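Chemist: build me a structure from this.
(chains A, B, C and D)
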Number of protein chains: 4
Amino acid sequence: MIGVGVIGYGYWGPNLVRNFADSPDCKVVGVCDRSPRRLQLAARRYPGLFTTLQPNELIERTDVDAIAIATPVNSHLGLAQMVLAAGKHVLIEKPLASSSAEAEALIEEAERRSRVLMVDHTFLYTGAVRKIKQLLDSGELGTCCYYDSVRVNLGLFQPDVNVIWDLAVHDLAIMDYLLPGEASAVSATGMGHLAGCSQSIAYMTCFFNDSLIAHVHVNWLSPMKIRRTLLGGNRKMVVYDDVEPSEKVKIYDRGVSVAAGPDSIYQQLIEYRMGDMYAPQLDTREALSVEVAEFARCIQSGDKPLSDGLTGLRVIRLLEAATQSMLQRGNPVELPNRSLKNDSLSGLAN
Amino acid sequence: MIGVGVIGYGYWGPNLVRNFADSPDCKVVGVCDRSPRRLQLAARRYPGLFTTLQPNELIERTDVDAIAIATPVNSHLGLAQMVLAAGKHVLIEKPLASSSAEAEALIEEAERRSRVLMVDHTFLYTGAVRKIKQLLDSGELGTCCYYDSVRVNLGLFQPDVNVIWDLAVHDLAIMDYLLPGEASAVSATGMGHLAGCSQSIAYMTCFFNDSLIAHVHVNWLSPMKIRRTLLGGNRKMVVYDDVEPSEKVKIYDRGVSVAAGPDSIYQQLIEYRMGDMYAPQLDTREALSVEVAEFARCIQSGDKPLSDGLTGLRVIRLLEAATQSMLQRGNPVELPNRSLKNDSLSGLAN
Amino acid sequence: MIGVGVIGYGYWGPNLVRNFADSPDCKVVGVCDRSPRRLQLAARRYPGLFTTLQPNELIERTDVDAIAIATPVNSHLGLAQMVLAAGKHVLIEKPLASSSAEAEALIEEAERRSRVLMVDHTFLYTGAVRKIKQLLDSGELGTCCYYDSVRVNLGLFQPDVNVIWDLAVHDLAIMDYLLPGEASAVSATGMGHLAGCSQSIAYMTCFFNDSLIAHVHVNWLSPMKIRRTLLGGNRKMVVYDDVEPSEKVKIYDRGVSVAAGPDSIYQQLIEYRMGDMYAPQLDTREALSVEVAEFARCIQSGDKPLSDGLTGLRVIRLLEAATQSMLQRGNPVELPNRSLKNDSLSGLAN
Amino acid sequence: MIGVGVIGYGYWGPNLVRNFADSPDCKVVGVCDRSPRRLQLAARRYPGLFTTLQPNELIERTDVDAIAIATPVNSHLGLAQMVLAAGKHVLIEKPLASSSAEAEALIEEAERRSRVLMVDHTFLYTGAVRKIKQLLDSGELGTCCYYDSVRVNLGLFQPDVNVIWDLAVHDLAIMDYLLPGEASAVSATGMGHLAGCSQSIAYMTCFFNDSLIAHVHVNWLSPMKIRRTLLGGNRKMVVYDDVEPSEKVKIYDRGVSVAAGPDSIYQQLIEYRMGDMYAPQLDTREALSVEVAEFARCIQSGDKPLSDGLTGLRVIRLLEAATQSMLQRGNPVELPNRSLKNDSLSGLAN
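Modeler: Got it, this is the predicted structure:
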């Protein structure tokens, strides 16, 4: 049984506690938060739970094997270093850290100490995203042509980060998981609308290669909630609408192709395919419970988790490039050309 | 009674003929098309209609006072010049012409001959767009913060133009009509996926000023049809969903504001407003019939139409800037800083 | 070329004229209406069309081979008898007549004169309904368990009929086409809400046999438009939503079955199937154009049309039974047990 | 602090425990279930919780003041009698009991012992239903003309009850709460499709008076989930769609009225009103937490709860009448004409 402590009992922390409590492999030992009122709430819900205002009092308990961190991003590095220094495993709320340098530091530390470092990219553990991954891997969709994702709503402003660090991180994590290869450049635009706050609306294009483009639209000021991803393959296309109560993933047998012909650029040789649509039955388990099981599995086996530190780092590099491009009204920013996908960070360092 | 001839009886031409036939101010005299088969169809539907393969045979008829042109864009300049040279009024399918230089030539010619030059920006005549214009003009929405428009579907490829010249022209025409001022720069990205064809997916950001941004997403390769515009004001916000069979326009009493306070950048002073939503009853007349009435009114009165030549020119300048920016992966392209909105072209020329 | 006249140029008549005009087999000769204003509208749209206030002037023209009647139901019998007496074919707007006795009279007259008698049950000619029929005939859905249809909106009141004679006639025609066998009894309830008008809301249950039930809900006073049919088979189930702009028909691989077991009525032996859903691509031709082609085909071949007089009669018998049951607050009304489906009326009469 | 025990930790029990645990007025003392596996789950989630297989061990604890019962309906009477006999308050999952006689027995017992008897009609505590109640009470909707409710999905079969006892109970509880007066008769139809099970599809009409009708459609065999209620007033109309993630309640300024005139039954004097729609912001608290607060308030104050025993009894009488009518294929069944709404049961008994 893995003893787990949770630091941060604000918006997301209660979900972590509930899922660890339901996990047959884990036992929630205690909760830490800066707010006594939040600790009281946790104690009322779970009589007998250890609660504390001091992270180290939780981290250093001998019955704690792993810590989940659900605090603002600027505290991730410090807290996670304390956890790793204590020889414990760590699951960190997205984004992994405030910068790629911080993320690299955490990855190195976890490798050196052989501890599990996992980033809470929850969407990778949804039935919807896993189903789309299967469709891509099986070849059913053909070659990816584009990835287009919208994630907007009237959202909680975070004064310390811009909207892409809050919302686009989800889409970029999904994109990173689904698409082959890595983006080579990013062009982004955006605007802030409240004095003293950074961008609340942003658009970013990721250039992959000659035939693959990705775009993410995030907005904290939308009157309605939209969470929709279009994924165009040259065989089939997918619409993933996370707001739908059911049939979140739809696969369309639709497309356009150019037929070979004597005069091959004339319009009449473009062929449309308007076939059926189907919506596969999805695994409806709560994503966080699947993620908690993955965390427990990796602690027990020593495997790298699906959303490991490098995953978190790749996403942060995109966030940094987009933030830089936004300051230049869309001027494209190149990404380092060394792949992080099939490599370890220590390999990179050589 | 205004005698009308229609050149082009392909996809859009039949709608023009039908609406002119229903108009109490107009009479459809004849139809011209390059395809004898299309002319036969027109003749079967409207026995007694004059049909011809030669544009000049229709244009030069003495019972023809005005011509509507619904042909591919590269033929607009030549046909419209013939019409104006014959002293007749002209309504031209969007986009007005192939380039801003062509559009300027048409505007000058129409001014010199005092003929009506109107571009068929149909959406300006919908009940939905006119209602949103009213809401903006009345101040109900407050100051515009952003305009975000998506227009995607599995669309008819046009080998001679890219997708923004085909689809974004609608969104840019609506944007030009609704928003105050004109964009100062454009950043656009896009990609083509069929050999021999230009971009089939495109994203463009229009920068207006420090607190207004607009974005348009168009795609010919989407498996589903989406036509949705978000318009964020600092008082209220609008969602205009053209695919909905009813309640196309929804106004949300939602927003975010920063309250003044001693420590004004802390999160707790950001105030959310989550109020009611309402969907006003809209004028459900067919937009094209309203447009035909506007064309007839301007011919009779000598007024400039709502969608006049300058309107068409402003939109083309945005299309040109976006096309140029796409070649540079989002590098922003400045627009001429002289406003076309409160000015005539002849003024510009001085 | 079949010469066609249309009587009634109100709401539906213009659609008939437009579709006959577009048909390669037909030519619209003339239009009759009681309103001079409606005739003027028809003449403006179709210059050269013969128009008249007198039905017989249209019916008796030698270039008229067939008449389409789109007038209020109480005039159907008289007009159709004039048409048949003149030896012409007739297509009659639904419902076929005001009573089953009238419908029987028309069927006999058409048979005696060997003329085509067709009722305008438009929905039978939609791609959606034809696709569902295919699914049933192929066995993909299994055995039908239930048919549930809702057709409500803020509708045009018709003071002379109740809502089932106006709206449920569509659902009953679809049900009659799709389901095997005929209903043996009907229970209906309803209420009128406007002084001097009959029922504006109605519910009717059709009992077929021990394992098949059908229900229709119609309402002229609904604030929103709903047109949705659920069809439950023991293998798969269908949702047909006619308000959806696309994917009107969805087939669900869902169901419940009782597994055989030692204690077979315990809950745990009920097995649920929650499989995929798919939405087949449908024929998107306008239903009325398919119907016009069927009318033309039957005139030329002498075949019975898909929606022949007996079809219209069966639906009227259900309407009559429902009207009677409504007066008795749901008391079931038996239907004549002699089948009309595999028989001709002349056979019945013997 | 009210000590609470929960009997039944199956589908609904965990929601009760969670909401009592979150309530500032209550403390969850223990849980009882017949299944040791379910008790283990409860203990894992809430370390320190008392768990037992024996109801009386929980009921008789001195630190237990109130019991919530979430077990199958046939056990409600026995368990609730034990609770009341022990002098404790009781909240019972819907429906209150297996028959109106049982419900009456519970009401009498609770009154005699001055304990709170509350039925868990959760929907009465939703923001949506409370908003509709406000709209009715304020007169904004005018006089109610009809209530139409659909609640269908692929549901968990309950071999011991038919579908109206499982699903329609929700709609009837909402109807009972919203509508003035009580139904005087019920006509219902339905069908069972699985051997050994009762009706899985049912339709019921409730007759109120000359101008008010209610209808409920419930179905365990629907491939999709629909939960939609239409409420027609003569001023405005409401659509309540519980499946929508937001804007669950929409109010339409639509209607039909008959204008007075010299010839007042002609169609042209019927006036349509097609005005705006609005969706009010709703209280989004979880209904069960509001209900738990109401239970606690009544225990402390001695007030009757909003969903008291008589509420549960009125709904059961409708269920019994509908079950009887279904056996007679819709034959209407009269309800006792003595009102239960403005009366107490003890008053009735005299």
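Chemist: from here on, just use CA atoms for contacts and neighbour counts.
Modeler: Noted.
Chemist: all the helices of the stretch 51-200 of chain A, residue numbers only.
Modeler: All helices of the stretch 51-200 of chain A, identified by DSSP state H, counting those that start in this stretch, fall at A:55-59, A:76-85, A:100-113, A:127-137, A:163, A:169-178.
Chemist: can you tell me which of those is nearest to C:S307?
Modeler: helix A:127-137 (44.1 Å; CA to CA).
Chemist: counting neighbours, what do you get for whichever residue of chain A sits closest to chain C?
Modeler: Going by CA to the nearest CA, chain C is nearest to A:Y278 of chain A, at 3.8 Å. Residues contacting A:Y278 under the criterion other CA atoms under 10 Å in any protein chain shown number 21.
Chemist: the helices of the stretch 51-200 of chain A: lowest mean pLDDT?
Modeler: Mean pLDDT across the helices of the stretch 51-200 of chain A is lowest at helix A:163; the value there is a mean of 94.
Chemist: still on that earlier bit, name the SS class of the residue of chain A closest to chain C, please.
Modeler: Local secondary structure at A:Y278 is given as strand here, using DSSP: H, G, I helix; E, B strand; the rest coil.
Chemist: nearest spatial neighbour of it, skipping sequence neighbours?
Modeler: C:Y278 (3.8 Å; CA to CA, 6 or more residues apart in numbering or on different chains).
Chemist: beta partners of the one you found?
Modeler: A:Y278, C:I251 (DSSP bridges).
Chemist: for it, what are its contacts?
Modeler: Shown in contact with C:Y278 (CA atoms under 8 Å, 6 or more residues apart in numbering or on different chains): A:276-279, C:250-252.
Chemist: please redo it, this time with the cut-off set to 10 Å
Modeler: A:250-252, A:276-280, C:238, C:247, C:249-253 (CA atoms under 10 Å, 6 or more residues apart in numbering or on different chains).
Chemist: which one of the residues you listed sits closest to D:L179?
Modeler: When the contacts of C:Y278 are compared against D:L179 (criterion: CA to CA), the nearest one is C:V238, at 33.8 Å.
Chemist: need the strands for the stretch 151-300 of chain A, in chain order.
Modeler: A:185-191, A:201-209, A:212-219, A:221-233, A:237-241, A:249-258, A:270-279 (DSSP state E, counting those that start in this stretch).
Chemist: quick one: is stretch A:221-230 near chain B?
Modeler: Yes: looking at stretch A:221-230 against chain B by CA under 10 Å from any CA of the partner chain, the contacts come from A:221-224, A:230.
Chemist: so does that stretch get close to chain D?
Modeler: Yes: taking CA under 10 Å from any CA as the criterion, stretch A:221-230 and chain D are in contact, through A:224-225.
Chemist: walk me through the domains of chain A.
Modeler: The record's domain parsing of chain A by automatic domain parsing lists A:2-123+A:288-304, A:127-285.
Chemist: look at whatever residue of the stretch 51-200 of chain A ends up closest to chain D and report its pLDDT.
Modeler: Chain D sits closest to A:N153 of the stretch 51-200 of chain A, with a gap of 12.1 Å, by CA to the nearest CA. Model confidence at A:N153, given as pLDDT, is 93.
Chemist: what of A:E286?
Modeler: 97.
Chemist: do you know how far it is from A:A279?
Modeler: Note on A:E286: its distance to A:A279, by CA to CA, to the nearest Å, is 19 Å.
Chemist: quick revisit: most packed of the helices of the stretch 51-200 of chain A?
Modeler: Counting by mean count of other CA atoms under 10 Å in any protein chain shown, helix A:163 has the highest mean neighbour count of the helices of the stretch 51-200 of chain A, with a mean of 29.
Chemist: which strand residues bridge A:A185?
Modeler: With DSSP bridges as the criterion, A:A185 is bridged to A:F207, A:E334.
Chemist: show me what contacts it?
Modeler: With CA under 10 Å, 6+ apart, A:A185 has these contacts: A:205-209, A:318, A:321-322, A:325, A:332-337, B:329.
Chemist: widest-spaced pair of those?
Modeler: Longest span within those, CA to CA: A:N209 and A:S325, 18.8 Å.
Chemist: the more surrounded of those two?
Modeler: A:S325 (24 against 13).
Chemist: state the distance from that one to chain D.
Modeler: Noted for A:S325: a distance of 35 Å to chain D, by CA to the nearest CA, to the nearest Å.
Chemist: and the pLDDT at that residue?
Modeler: Per-residue confidence at A:S325 stands at 98 (pLDDT).
Chemist: run a quick neighbour tally on the residue lying closest to A:S289 once chain neighbours are set aside.
Modeler: Leaving aside its chain neighbours, A:S289 sits nearest to A:N19 (5.5 Å; criterion: CA to CA, 6+ apart). Per other CA under 10 Å, the neighbour tally for A:N19 reads 23.
Chemist: how far off centre is stretch A:195-208?
Modeler: Stretch A:195-208 sits 17 Å away from the centroid of its parent chain (CA atoms, centre = their mean, to the nearest Å).
Chemist: need the distance between the two termini of it.
Modeler: So stretch A:195-208: terminal residues 35 Å apart, CA to CA.
Chemist: stretch A:127-135 vs chain B: in contact?
Modeler: No: using CA under 10 Å from any CA, we find that stretch A:127-135 stays clear of chain B, coming within 15.4 Å at best.
Chemist: returning to that earlier point: looking at the contacts of C:Y278, spot the one nearest chain D.
Modeler: Chain D lies nearest to C:Y252 out of those, by CA to the nearest CA, at 6.2 Å.
Chemist: residues contacting the closest one?
Modeler: A:278-279, C:141, C:232-233, C:235-239, C:273-279, D:222-224.
Chemist: what does the stretch 1-150 of chain A put close to chain B?
Modeler: Within the stretch 1-150 of chain A, the positions near chain B by CA under 10 Å from any CA are A:145-146, A:148.
Chemist: what is the nearest of those residues to chain B?
Modeler: So of the residues of the stretch 1-150 of chain A next to chain B, ranked by how close each gets to chain B (CA to the nearest CA), first place is A:C145, at 7.2 Å.
Chemist: now A:G255: closest residue in space that isn't a chain neighbour?
Modeler: Closest residue to A:G255 apart from its sequence neighbours, by CA to CA, 6+ apart: A:R273 at 5.1 Å.
Chemist: same question but for A:T71, I mixed them up
Modeler: A:T71 sits nearest to A:G8 (CA to CA, 6+ apart), 5.1 Å away.
Chemist: need the phi and psi values for the one you found.
Modeler: Dihedral pair for A:G8: phi 100, psi 110, per degrees, to the nearest 10.
Chemist: what's the answer for A:P280, then?
Modeler: With angles defined as degrees, to the nearest 10, A:P280 sits at phi -70, psi 150.
Chemist: for chain A, what lies in contact range of chain D?
Modeler: Residues of chain A lying close to chain D by CA under 10 Å from any CA are A:17-24, A:26-28, A:41-42, A:44-49, A:224-225, A:243-246.
Chemist: for ChimeraX, what selects the buried ones among those?
Modeler: Command for ChimeraX, covering only those of these found buried under the criterion 16 or more other CA atoms under 10 Å in any protein chain shown:
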select /A:17,18,19,20,21,22,23,26,27,28,42,44,45,46,49,224,225
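Chemist: hmm, back to that, for A:I299, see how far away the residue nearest to A:G255 is.
Modeler: Counting by CA to CA, the gap from A:R273 to A:I299 is 48 Å.
Chemist: of these two, who's got more company?
Modeler: Regarding A:R273 and A:I299, a neighbour count based on other CA under 10 Å identifies A:I299 as having more, with 21 against 14.
Chemist: I'd say the more buried one and A:P305 touch.
Modeler: Yes: with contacts counted by CA atoms under 10 Å, A:I299 reaches A:P305, the gap being 9.1 Å.
Chemist: overlap in contacts of those two?
Modeler: With CA under 10 Å, 6+ apart as the test, A:I299 and A:P305 both reach A:116-117.
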